[in-house]
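> Everything below, folded, please.
(chains A, B, C and D)
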There are 2 protein chains.
Amino acid sequence: MREALTAAASRRVTRPAPLRQAVYDALAELIISGSLTPGQHLVEAELAEHLGVSRQPVREALQRLQTAGWVDLRPAQGAFVHSPTEDEAAQLLGVRAVLETYSAQLAAQNAEPEDVERLWELQQDGVEALAEGDVKRLVAANTALHDFITSVAGNAVLAELIGQVGQKVRWYYTPIAKPRGKEAWNEHSRLIEAIAKGDADRAGEIMRSHTERTTDFYRRQLPAGTSQD
Amino acid sequence: MREALTAAASRRVTRPAPLRQAVYDALAELIISGSLTPGQHLVEAELAEHLGVSRQPVREALQRLQTAGWVDLRPAQGAFVHSPTEDEAAQLLGVRAVLETYSAQLAAQNAEPEDVERLWELQQDGVEALAEGDVKRLVAANTALHDFITSVAGNAVLAELIGQVGQKVRWYYTPIAKPRGKEAWNEHSRLIEAIAKGDADRAGEIMRSHTERTTDFYRRQLPAGTSQD
DNA sequence: CGATTGAGTTCTGTATACAGAAGCCTGTAT
DNA sequence: ATACAGGCTTCTGTATACAGAACTCAATCG
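Now for the predicted structure:
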């Protein structure tokens, strides 16, 4: 009984909901959605007024945004929305590939039958979205599938890094990238089969080529010649 | 002339040295060195007084420390030094292995002759430290070698992640881990040879087994049976 | 007419002040 | 003696105030 209470206490019903967190989420959303353009100067007072809070929570949120790589904090000049270079985008894709590969390997080692079942459900969801041409749902299904594989992998550190890197990749390629089509979901299908068999090497290899194809797919859509900056 | 001045201006002589950065470094140092033990409650006012600043820069530093995973910020309760579980430590080692492997592959692809030369110098340094039994120098040489490989890899995103993960790994295993001996430096030697040849697959494979041996080496030194928490 | 220097303005960096919540200790009642 | 309740203390969360640095723009000099 006592342990039950202790466990219950660890999940408080009401979160005090710190303002800095709300501010962080709001700013991240503004950056990812493109409302704040790369290189833009973020004036603390303006943000504070716009969000209806004081400068203090804004500053704390900016600190976290810097560590997460969303803004650059120049001393005595304030915060600027991070401007990713093409180099950085390419590097992000490379890192994501190895992390996702590892994720697939672990998932294959740890997957329980019910996990595999859930994977097939998610796969089915994506295939349906593809057939209906529902782009938004297709993107969501793709994210859901990859996220679930990561959760099956059971490595929280890995999940955290994949989340960070993936968000940045999505941000950078959102303006130009359309989701990949039928081919990608065929690859998913083979991937799930490998995970179901517990074949870590094969799952990793499939994920590796899968993310590399996605990388090529993105790169091919890049606008040519913004290489000056 | 004008360009020369512009270039010179980009490297300011005196950095305004924001306090929050100094505070961040100081606190990180205190945590890594063990002066602040895991789970310990960090009272802002105490830290501020101890460092001779106000609470404001302390709070900003704590935000960054949280995002970097060094402290946990509980709402309305303040900051606590992060307590890594054994699971987390194991996960860190796994992630580090794949990142280092990727790093070695890239390094093999990009290495110039002068890079290889520098690698052999660092290798030599480590071998000498090993022969002299200079533990501190040995650890430094090992870090320097791995860091240089990462820099040759030329992926800043990767370097950032390896840095973060590596620091955490070192922190967690510092109390118990002694550096590996001759075997590790033989592996380094074969690794450099592969990089010199530009053989990415082989370099990656050597790095993979190298980090896995290190992982096993660490795990074997773990105190048995703290598995209850 | 162009470059440069200076004052004025704006914004950041830091400190201080205050309100609210969480934890602790004490006192009382059973 | 123990358990509970209430007040008290401490700490966090947020807001405001002030000093200093950086940028801007205009006026002056070459």
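
> Which residue ranges of chain A form helices?
For chain A, applying DSSP state H gives helices covering A:2-9, A:19-33, A:44-51, A:55-67, A:86-110, A:113-132, A:135-153, A:156-173, A:182-197, A:200-220.

> possible to save the ones you listed as TSV with distance to B:Ile31, mean neighbour count and mean pLDDT?
(Glycine included, C-beta is placed from N, CA and C.) Output for the helices of chain A, formatted as TSV (distance: least, Cβ to Cβ, whole Å; neighbours: other Cβ atoms under 10 Å in any protein chain shown; pLDDT from 0 to 100):
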stretch	distance to B:Ile31	mean neighbour count	mean pLDDT
helix A:2-9	27	8	38
helix A:19-33	21	17	91
helix A:44-51	28	15	93
helix A:55-67	15	22	93
helix A:86-110	26	22	96
helix A:113-132	36	15	96
helix A:135-153	28	19	94
helix A:156-173	18	19	93
helix A:182-197	38	18	96
helix A:200-220	35	18	94
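
> Columns distance to DNA strand D on top of those, output as JSON lines?
Shown next, in JSON lines, are the helices of chain A (distance: least, Cβ to the nearest atom of the strand, whole Å):
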{"stretch": "helix A:2-9", "distance to DNA strand D": "12"}
{"stretch": "helix A:19-33", "distance to DNA strand D": "3"}
{"stretch": "helix A:44-51", "distance to DNA strand D": "7"}
{"stretch": "helix A:55-67", "distance to DNA strand D": "4"}
{"stretch": "helix A:86-110", "distance to DNA strand D": "23"}
{"stretch": "helix A:113-132", "distance to DNA strand D": "36"}
{"stretch": "helix A:135-153", "distance to DNA strand D": "28"}
{"stretch": "helix A:156-173", "distance to DNA strand D": "21"}
{"stretch": "helix A:182-197", "distance to DNA strand D": "41"}
{"stretch": "helix A:200-220", "distance to DNA strand D": "35"}
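
> between those, which gets nearest to B:Glu46?
Set against B:Glu46 and scored by Cβ to Cβ, the helices of chain A come closest in helix A:55-67, at 19.2 Å.

> quick one: the one residue in chain A that gets nearest to DNA strand C from A:Thr67, how far?
Per Cβ to the nearest atom of the strand, A:Gly78 is where chain A lies closest to DNA strand C, at 2.9 Å. A:Gly78 sits at a distance of 16 Å from A:Thr67 (criterion: Cβ to Cβ, to the nearest Å).

> my read: A:Val169 touches A:Leu93, true?
Yes. Proximity of A:Val169 to A:Leu93 meets the contact threshold set by Cβ atoms under 8 Å, at 6.3 Å.

> shared neighbours, the two?
Between them, A:Val169 and A:Leu93 share no contacting residue under Cβ atoms under 8 Å, 6 or more residues apart in numbering or on different chains.

> domains for chain A, by residue range?
A:13-81, A:86-220 (automatic domain parsing).

> Dump those to CSV, plus distance to chain B.
Shown next, in CSV, are the domains of chain A (distance: least, Cβ to the nearest Cβ, whole Å):
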stretch, distance to chain B
domain A:13-81, 4
domain A:86-220, 4
